[in-house]
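>>> when you get a sec, could you give me coordinates for this:
(2 chains)
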There are 2 protein chains.
Amino acid sequence: MSDTISHQLPTGFQTTGITCGIKESGKPDLAVFLSECPAVSAGVFTRNLVCGAPVTVSKQRVGRESSRAVVINSGNANACTGEKGVADAESMTARLAEGLDCDPEDVLVCSTGIIGHFLPLEKITTGLKQVLPQLGGESTHLKSAAQAIMTTDTFPKISSREVVVNGKPIRITGVCKGAAMIAPNMATMLSVIMTDAALTVQQADRLLRHAVNRSFNCVSVEGHTSTSDTVLLLANGAAGTGAVEDAELGGFSAALDQVSEELAQMIVRDAEGADHFVTIDVTGLETFADAYRIAKVIAEGPLVKTAITGNDPNWGRIVSAAGYAGVDFDPLAVTLHLNQTLLYEKGQPVDYDEEAVSKSMASGEVHIELNCGTGTERIRFWTCDLTQEYVRLNSEYTT
Amino acid sequence: MSDTISHQLPTGFQTTGITCGIKESGKPDLAVFLSECPAVSAGVFTRNLVCGAPVTVSKQRVGRESSRAVVINSGNANACTGEKGVADAESMTARLAEGLDCDPEDVLVCSTGIIGHFLPLEKITTGLKQVLPQLGGESTHLKSAAQAIMTTDTFPKISSREVVVNGKPIRITGVCKGAAMIAPNMATMLSVIMTDAALTVQQADRLLRHAVNRSFNCVSVEGHTSTSDTVLLLANGAAGTGAVEDAELGGFSAALDQVSEELAQMIVRDAEGADHFVTIDVTGLETFADAYRIAKVIAEGPLVKTAITGNDPNWGRIVSAAGYAGVDFDPLAVTLHLNQTLLYEKGQPVDYDEEAVSKSMASGEVHIELNCGTGTERIRFWTCDLTQEYVRLNSEYTT
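The predicted model follows:
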C-alpha cells in the first residue's frame, strides 16, 4: 500500500531499522528516530492502567524542548514486567543516549510484542551500537524504520504531507504499526510523527491531541485497549520557520490531522482476518463526546461486525447498537444510510433494494451514516468486520 | 437440561403455550401466564433507547396490585414499529383482558423475534381465543409456556424453589428465554417469575431488582443490549402468607436470587455457537459498580473470549482487559487464578503448569478469579466464549 509511494523525512531527521535478534523470525526489530537538533516533543498514551514500562518512562519525558530521539523495539512489549521492566526501559534509552552524547531524558522509548517477559537487553545494547552508523535521511531509511516496528502488520505504514508555514515549506512524516491483536502478542498501536516546523511545547501537545482524537482514537478493531499504545510527535524547527503564531497553524494542523488519519486507516485496513473496511459517520448529536460514544459502540458491536462480514444490510443491529450507547437521543429522529442507500428514516424502516445494497457491501467498502437528528456535532470512525478467520487467529493456543 | 426436572407452578397460577402461526416453522409462539387472583407486579426492562413497543406498554403497567396476566409472543419483536407498534401491543393485551374479563391495564405484554415488522394481530387474536380453555397449573402447562417463548433457544428454561415464609410454604417458579443473538432476530432475554407469596409493590420491586442485578444483569454473550429485554415478577399471595415484614423476607429473597441466577446461567449455557461456560469472579474492589464494570469488560472482550475458545490460559488478555475498564485500582495489587491455578500475583506473572490449565479449560468449564486487591466488594458474572461457529451463525445473510 505505502510501498508504492516514496516518502521523505522532514529536514534534520535521520532514522533506520535493523535486526537485533529479539524476534525469532530474524525480522527487523529495532528502530531509531533521531532529530539532529533538539526537538519539542508531545505524546498521547494508552489509558490502560496495566501499561507497559516504556509508557511509564516516555510519559515523564514528553513535553520537553530538548528531545533528541525515539527508540522502539518490536518482539517484546516490556509490559507486566514490574519495576525491573521500568529499569530496563530506562537502560535502553541510556544506551542510545551514550551513543548520541545526550541526556537519557531526551530519549523516548516504545516496545511492542509479547507481554510478561523481560527485555533481552544485551541484544538491544549490541543492536544500538550497530544502529548509529546506519542512520540516514533517505526514504529507504524511513521504510527500514517502519518495518522494524511491525509485529503482525503485513505492510509498513508511512504517511507524509508538505505545507507552507510562515512562508517556508515544512514536512510532516509519520510511521505507525497496527492494532490488530494476534496471540500471543498484544499488538499495539505505535506511531512516531516527525516535523521540521517549529512548535512550542503547548502547540505540539494541543495539535497532537486534536489529531489523535480524530484519527487513532477513532479506529477500533475489537475494542481491546493495548497496554502500550503510544503516539509521539517530534518538532525540530529545522525548516527555519521560526516561532509560529497559533493563528498561522491552521494549515499545519489540517496536515497533521491528515497524516494521522491516513496512518490510522492503514491500521484498520491491515487488521487481522478482516474482509471489510468500514467508515462510520455519526451525525446530529449535541456533543462530540456523544457522537464518539455511539460510533464506538457501533464499531465494536460483534453483531454489527458479523452482519457486515455477511454483506447483510441489517439496520436493526446498527440502530439498536446506537440505542445502548448510553447517549440520550430521540429514537424517532434517527435516519440511517448504508452505502448511500436510505434504510431507516425517522425511526421507521423504509423499503429499499436489499440485493443491491448487499452487492455494494461485497466490494469490501462499507459506509454507515447514522443521523441522530438532535444536534450539529459529528464524528467519523473506522473499523473492520469480524470474521471466522479473526476467531481462528486469536483462538489458536499460543501462551 | 431442565427437561429432567418437573417444576411446579405456585398456587393460583395457570399457564400454557400454543402455536398461533407467527413462526413459519409452526413451532409454539404464544404463551399466557395467568394469576387467578390479583397479583402485585414488578418489572425490570432493557435500557436500550430503541426499545420494543411491548416494553413501552409494560413499563407503564408494572407496580400495580391488580395485575392478572402476562401475554408473550415469539417470532416477532414488535420493535422499531413506531406508534402502530404501541397500538398493536395494547390491542394484544385488550384481547386477552376481554377473555379474562379484566382491565387491559392489568395485562402485561412481551414480544421477541424479528424486528421492524408489524405484528400479525389476527393470528394472535385467534390464538388468544384458543389459549384460555387450555390454561392449567400442571408442570406440562408450564413447559408448554416455556417452549412458546423460545426463539433460537435449544431447550426450555425453567427454575423453581420452595421456601417457608410466615410459616407457610411458598413457591417461586420462573421461565426465561435466551440471550444469544441470531440473525435476523435480535434474540431477547425475557423472563416471567411467579410466586404465591404476598409482597407489597415496594417489596416486589426491591427484591426483583436485587435478584436481577446479581443474575440477568451479570450475564453477557456479546454485549449487545436487546431492544426488548424484560424480567417480570408476579406475586399473588395465594399461599396464604398474609403481609410479610421486610425482616422476614431474607429466605424469600435468597430463593428469588437463586431462581434468577439459575435461569440466567441457562441462557449462557444455551448461547449460540458457544463451547465454554465461563464464571468470572471479580473481587477486591471498593464498590460493587467497579467490580461490575471490570467483570463486564472481561466477559465481553473478544480477545479474552477467543483465548478461552482455544483453551489458552492467556492471562495477559484478562489482566489488560481489567486495565481498560475505566476503574481505578493498583495494577501491582492484582492477582489472577484460572481454574484454581495461580497465573499472576501482585502484578507479576508466576510460573505454572500451562498444559494442565489448558487441559482443565478443555472440559468446557472455565473459572476466572481476579482479585484487584483494593477493597472488599465483589461480583460473580457469567459468559461464554467466541467461536467461529458464532461468527458463521451471525454473518449468514438474513435481512
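>>> tally of neighbours for the closest residue to A:C51 other than its chain neighbours?
What sits nearest to A:C51 in space, not counting adjacent residues and going by C-beta to C-beta, 6 or more residues apart in numbering or on different chains, is A:T227, at 5.3 Å. Where you see a C-beta, it was placed from the backbone N, CA and C, and this is true even at glycine. For A:T227, the neighbour count with other C-beta atoms under 10 Å in any protein chain shown is 29.
>>> ditto for A:L132
Neighbour count for A:L132, taken as other C-beta under 10 Å: 14.
>>> with A:A39 instead?
For A:A39, the neighbour count with other C-beta under 10 Å is 28.
>>> contact partners for A:S144?
By C-beta atoms under 8 Å, 6 or more residues apart in numbering or on different chains, the contact list for A:S144 reads A:15-18, A:28, A:31.
>>> from chain B, how far out is the closest residue to A:V327 other than its chain neighbours?
Leaving aside its sequence neighbours, A:V327 sits nearest to A:D290 (C-beta to C-beta, 6+ apart; 4.5 Å). Computed as C-beta to the nearest C-beta, to the nearest Å, the A:D290 to chain B distance reads 12 Å.
>>> correct me, but A:D290 touches A:E377?
Yes. Taking contacts as C-beta atoms under 8 Å, A:D290 lies within contact range of A:E377: 6.9 Å.
>>> returning to that earlier point: can you lay out the contacts of A:S144 as CSV showing neighbour count and secondary structure?
Formatted as CSV, these follow (neighbours: other C-beta atoms under 10 Å in any protein chain shown; DSSP: H, G, I helix; E, B strand; the rest coil):
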residue, neighbour count, secondary structure
A:T15, 29, strand
A:T16, 26, strand
A:G17, 28, strand
A:I18, 19, strand
A:P28, 23, coil
A:A31, 28, strand
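>>> quick one, domains of chain A?
A:2-269, A:277-395 (automatic domain parsing).
>>> could I get the ones you listed as CSV with distance to B:L9 and mean pLDDT?
CSV is the format used below for the domains of chain A (distance: least, C-beta to C-beta, whole Å; pLDDT from 0 to 100):
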stretch, distance to B:L9, mean pLDDT
domain A:2-269, 43, 92
domain A:277-395, 34, 92
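>>> for A:G347, give me its contacts.
The neighbours of A:G347, taking C-beta under 8 Å, 6+ apart as the test, are A:330-334, B:80, B:82.
>>> list just the nearest of these to A:L96.
Each of the contacts of A:G347 was scored against A:L96 by C-beta to C-beta, and A:V334 proved nearest at 52.9 Å.
>>> can you tell me which residues contact that closest one?
Counting by C-beta under 8 Å, 6+ apart, A:V334 makes contact with A:319, A:322, A:344, A:346-347, A:370-373, B:50.
>>> and what of A:L142?
Counting by C-beta under 8 Å, 6+ apart, A:L142 has contacts A:7-9, A:15, A:158, A:173, A:175.
>>> ditto for A:R378
A:281-285, A:288, A:291.
>>> ranges for the helices of chain A?
A:53-59, A:82-100, A:121-131, A:139-148, A:201-213, A:250-269, A:288-300, A:302-309, A:315-323, A:354-361, A:388-395 (DSSP state H).
>>> tell me how many other residues crowd the closest residue to A:T200 other than its chain neighbours.
Distances taken as C-beta to C-beta, 6+ apart place A:V40 nearest to A:T200, at 6.8 Å, with adjacent residues excluded. Other residues within reach of A:V40, judged by other C-beta under 10 Å, total 26.
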